[in-house]
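[1] Sequence first, predicted model second:
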Amino acid sequence: MTRTCLVTGGAGFIGCAISSILCEAFDRVVVLDNMHPQIHPSNNRPAALHSAAELIRGDVSARDCWDDLLSGFRPQTVIHLAAETGTGQSLTEATRHASVNVVGTTQMLDAFSRHDCLPRRIVLASSRAVYGEGEWRDADGAVKYPGQRSLQQLSSGIWDFPGLTPLPFEATRTQTRPTSIYGATKLTQELILRAWALSFGVEASVLRLQNVYGPGQSLSNPYTGIVSLFARMARAGQAIPLYEDGEIVRDFVYIDDVARAVCRMAIGSVPPAEAYDVGSGVPTTIRQLAVAIANIYGAPAPVVNGAFRNGDVRAASCDIGRTRQALGWAPEWSVARGVEALCAWIDARAES
Ligand SMILES: NC(=O)c1ccc[n+]([C@@H]2O[C@H](COP(=O)([O-])OP(=O)(O)OC[C@H]3O[C@@H](n4cnc5c(N)ncnc54)[C@H](O)[C@@H]3O)[C@@H](O)[C@H]2O)c1
């Protein structure tokens, strides 16, 4: 039997990175992608997309597009990546985010039912944004959910939750409380997929990705990719501006590590379960990140500018113990090595 795989949004950063592994593992790999101009300004097929992957240009939120696709193709495995991904942008463009992320998901699932074409497994790339600020611990050891930082709090420069220390996210423990529209749409995707898949006997797997970075990330999209943004600033000899007090925490996970995790989930026989967290497992402040990048380029020291972004969370990192065990996977890239590889890639592009 022909082994078939569909990747929605497969011409993007993560889609391109998984394409060669998928083309090895499947007989036919089809990518459905609308070549969003914010990510693909030239509208050309990305060079990093494996040549054996068939690129179909189409919008996941358009019913006709699904009818055209599924009239000649029955995917056994689906990796759902297509999404609007700008966290900050989602605050003022909620409808656009919901249309693609939520309605795009329901259109896909309806199309599978309409064409009597149920995949064996659907893997959803979800996000750490579903947790919002997550869990924090007080001085007595009690776990608290402090919720979203208000505009008033941020405007007063109160960045942390006084007396509380952040805990790493873990899908079986941390409650989901998104603080951005983007995060809310990613959580909605999860809930819809899970309810649908259980009803139809389809395996649904959810991977909650932390901040993915590395070669291949769109350099033209100003709304995502803090690591490549910092690298381009330092390369231009600028001092990297640090939001809040520079102590915002993130888990920066290298693209190759994410690609291996997504493919393990898609190709292997890992049982669907609660969502799995995919990160490096190492919390890094944006100051640490910025200093590492500034040092690579000999740029001036990063400067705290006290600005903030509404809806941003203060601390995001994750415990990857359960994911390591279930997927037989481990991250291989440290931030130091990954950042060097990203900078080398940016340099090579600038020189070519
Ligand atoms: N990169 C990260 O740091 C990160 C972190 C957490 C979760 N994720 C999730 O991973 C997935 C992939 O992210 P990425 O970093 O590769 O993003 P990306 O922006 O590089 O790729 C997304 C792709 O989806 C396509 N797309 C957008 N709207 C579409 C539509 N309506 N129909 C069809 N295609 C559409 C774009 O053209 C693009 O090629 C997303 O679902 C995102 O939410 C990414």
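    The structure has been received and is ready for your questions.

[2] Run a quick neighbour tally on Gly72.
    7 (other CB atoms under 10 Å). Glycine gets a C-beta too; all of them are placed from N, C-alpha and C.

[3] Residue numbering should commence at 34 henceforth.
    From this message on, residue numbering opens at 34, which makes the last subject Gly105.

[4] That one: helix or strand, and which one exactly?
    Applying DSSP states H and E as the criterion places Gly105 outside every helix and strand.

[5] gap between it and the ligand?
    18 Å (CB to the nearest ligand atom, to the nearest Å).

[6] Give me the phi and psi for that residue.
    The phi/psi pair for Gly105 (degrees, to the nearest 10) reads phi -130, psi 10.

[7] Now do the contacts for it.
    Shown in contact with Gly105 (CB atoms under 8 Å, 6 or more residues apart in numbering): no residues.

[8] now the strands for the stretch 34-183 of the chain?
    Assigned by DSSP state E, counting those that start in this stretch, the stretch 34-183 of the chain shows strands spanning 37-41, 61-66, 87-90, 110-113, 154-160, 169-170, 176-177.

[9] For the ligand, which of these is the nearest?
    In terms of CB to the nearest ligand atom, the element of the strands of the stretch 34-183 of the chain nearest to the ligand is strand 154-160, at 3.4 Å.

[10] low-scoring stretches of the stretch 234-383 of the chain, by residue?
    In the predicted model, the stretch 234-383 of the chain carries pLDDT under 70 at residues 255-257.

[11] mind listing the helices for it?
    Assigned by DSSP state H, counting those that start in this stretch, the stretch 234-383 of the chain shows helices spanning 259-268, 288-300, 319-330, 354-360, 368-384.

[12] out of those helices, nearest to the ligand?
    The ligand lies closest to helix 288-300 among the helices of the stretch 234-383 of the chain, at 7.8 Å (CB to the nearest ligand atom).

[13] Name the residues that touch that closest one?
    Outside helix 288-300, the residues that reach it (CB under 8 Å, 6+ apart) are 38, 46-47, 50-51, 54-55, 58, 110, 112, 154, 156, 158, 238, 240, 242, 245-250, 303, 309, 311, 313, 356, 360-362, 364-366.

[14] hmm, back to that, could you dump the strands of the stretch 34-183 of the chain to CSV with mean neighbour count and mean pLDDT?
    Shown next, in CSV, are the strands of the stretch 34-183 of the chain (neighbours: other CB atoms under 10 Å; pLDDT from 0 to 100):
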stretch, mean neighbour count, mean pLDDT
strand 37-41, 26, 98
strand 61-66, 25, 98
strand 87-90, 15, 98
strand 110-113, 26, 98
strand 154-160, 26, 97
strand 169-170, 16, 97
strand 176-177, 14, 96
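
[15] Could you export the helices of the stretch 234-383 of the chain as TSV, including distance to Gly165 and mean neighbour count?
    Below are the helices of the stretch 234-383 of the chain laid out as TSV (distance: least, CB to CB, whole Å; neighbours: other CB atoms under 10 Å):
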stretch	distance to Gly165	mean neighbour count
helix 259-268	18	22
helix 288-300	21	23
helix 319-330	18	20
helix 354-360	20	17
helix 368-384	23	16
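
[16] how about Phe59, what does it touch?
    Phe59 makes contact with 36-38, 110 under the criterion CB under 8 Å, 6+ apart.

[17] could you redo the last one with a cut-off of 7 Å?
    The contact partners of Phe59, by CB atoms under 7 Å, 6 or more residues apart in numbering, come to 36-38.

[18] just those residues that are near the ligand?
    By CB under 6 Å from any ligand atom, no member of the contacts of Phe59 lies near the ligand.
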